[in-house]
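Participant: any chance you can model this:
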Amino acid sequence: MASQFFVKSDVTFGVDAVKELPKMLEEYKAKNVMIVYDNGVKMAGIAEKVIEEVKKANVDITIFDGVIPNPTNEVVEEAAEIAKKANTDVFVAVGGGSSIDLTKAVNILMTNPGKIGEYGGMNLVKENVLPLIAIPTTAGTSSEITNVVALTDTQAVCKYVIIDNKIVADKVIADPEFTKTMPPSVTAATGMDAITHAVESYISNMATPLTKYHSIRGLQIFYENLPKAVENGSDMKAREQMMLGCIVAGFGFSNANLGLVHGIAHTLSAHFHLAHGVANATVLPYVMEFNAESCPEEMVELAKAINLSLTGNIEEDKYVLSKELLNMTKKVGIKTLSELGIKEDDFDMIAEDVLKEPVLGFNPRQNITKEEVIGILKKAL
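Facilitator: Purely as a prediction, here's the structure:
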């Protein structure tokens, strides 16, 4: 059976890759460039370096530095108004998933009518968007190369996604030096986010040989390098590998989609404002344990790929990966749900919202009940 595998971004990878930025802007004949970033990027001195390079292209610069974690519809609309007034013709997004997702969303509104919430779902963006150059400063979300935007609807109190091949960044500048200033907690959270992407896309019911190849390689790279980068943030070899792994895993999950871990994580982030990577990591081991009976062979393949000890008995071996993922979350310092301030009283409401999540359609285990979601949350408490 034929399957499609979509890749669009033109990636410039390595130390000092940012120096290519003026040339890229000249290629686009840019006149009005909007640079989007958050306060963390500004504090780390990364924004300054990017602005310096943009100035070399002799363009008018507009800055939007009001990015927040789990960006809301309101912030997107606010940034879009500023971009329109400035006649922005090229965007430069600098930061983690929040900055890049927000910029992709703003870009939709530059050429498409209405409010951003109208584009939630798949393939609803009608008009092509403007050129976007993404400069990631974290290694985990893969937002720089995916066709996905995750936003928060504060009215409906939920996270939702826009999936459309038109919104992928045109060019990516992946410089591992820009991840060096990430604190260990952010390195851990974004790294576990990438591991979640790799594992969930591998067992997705939309996975193909091409997506599985990227997903399993992404897992191998992060399993080996994430603990090193958390322990020593200036280990540039580990940082570089993580940035590479992020791109590799992104090619996998943007084509195969995700599952129940993301369904729970979206709900936790919408209600409790948890960082996306943290929300994924807290429930990842328990969802994999839950999913194991529906995809035992894939669970064993993933365990083998990272050289875990297996007995040869598939009934036991299908749980080896989930146990190791739990060890890993502990090793890199991911907090439990109770440590993050979430109580058992919240579980009923959380579970009801999780069941409304479209990503559950790609999960290998189907017909998930509210009681089963609550069971997973209790283990993650």
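Participant: which residue packs closest to residue 267, ignoring adjacent ones?
Facilitator: Once flanking residues are discounted, residue 267 sits nearest to residue 353: 4.5 Å by CB to CB, 6 or more residues apart in numbering. Bear in mind the C-beta positions are built from the backbone N, C-alpha and C, glycine included.
Participant: list the contacts of that neighbour.
Facilitator: 157, 158, 267, 270, 271 (CB atoms under 8 Å, 6 or more residues apart in numbering).
Participant: export these as a markdown table, with columns for distance to residue 137.
Facilitator: Shown next, in a markdown table, are the contacts of residue 353 (distance: CB to CB, whole Å):
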| residue | distance to residue 137 |
| --- | --- |
| 157 | 29 |
| 158 | 27 |
| 267 | 27 |
| 270 | 24 |
| 271 | 27 |
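Participant: by neighbours, which of these wins?
Facilitator: residue 267 (26 neighbours; other CB atoms under 10 Å).
Participant: the strand or helix carrying that residue: what's the following helix or strand?
Facilitator: In the assignment (DSSP states H and E), residue 267 maps to helix 260-272. Going down the chain from helix 260-272, the next helix or strand is helix 276-291, by DSSP H and E.
Participant: report the angle between that following helix and helix 260-272.
Facilitator: Using axes from the mean of the first three to the mean of the last three CA atoms, to 10 degrees, the inter-axis angle of helix 276-291 relative to helix 260-272 is 140 degrees.
Participant: roughly how far is helix 276-291 from the heart of the chain?
Facilitator: Put simply, helix 276-291 sits 14 Å off its chain's centre (CA atoms, centre = their mean, to the nearest Å).
Participant: please report the distance of residue 182 from residue 188.
Facilitator: Note on residue 182: its distance to residue 188, by CB to CB, to the nearest Å, is 9 Å.
Participant: what's the answer for residue 373, then?
Facilitator: Distance, residue 373 to residue 188, by CB to CB: 25 Å.
Participant: now do the contacts for residue 109.
Facilitator: 76, 77, 80, 84, 116.
Participant: now list the buried members of those residues.
Facilitator: Buried by 16 or more other CB atoms under 10 Å: 76, 80, 116, out of the contacts of residue 109.
Participant: show the pLDDT at the last one.
Facilitator: Going back to what we said before, that points to residue 116. Residue 116 carries a pLDDT value of 98.
Participant: what's residue 28 in contact with, if anything?
Facilitator: 89, 90, 131.
Participant: which pair in the contacts of residue 109 spans the largest distance?
Facilitator: Spatial extent of the contacts of residue 109 (CB to CB) is set by the pair 84 and 116 at 13.2 Å.
Participant: residue 303 is in what secondary structure piece?
Facilitator: Applying DSSP H and E, one finds residue 303 within helix 296-305.
Participant: buried residues, that helix. List them.
Facilitator: By neighbour count, with 16+ other CB under 10 Å as the criterion, the buried positions of helix 296-305 are 298, 299, 300, 302, 303, 305.
Participant: okay, that helix in PDB with CA atoms only?
Facilitator: Taking Å, rounded to 0.1, in the frame of the first residue of the first chain, the C-alpha atoms of helix 296-305 are listed here in PDB:
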ATOM      1  CA  PRO A 296       3.900  -5.700  21.800                       C
ATOM      2  CA  GLU A 297       6.200  -6.200  18.800                       C
ATOM      3  CA  GLU A 298       6.800  -2.500  18.400                       C
ATOM      4  CA  MET A 299       7.500  -2.100  22.100                       C
ATOM      5  CA  VAL A 300      10.100  -4.900  21.800                       C
ATOM      6  CA  GLU A 301      11.600  -3.300  18.700                       C
ATOM      7  CA  LEU A 302      12.000   0.000  20.500                       C
ATOM      8  CA  ALA A 303      13.600  -1.700  23.600                       C
ATOM      9  CA  LYS A 304      16.000  -3.500  21.300                       C
ATOM     10  CA  ALA A 305      17.000  -0.300  19.500                       C
END
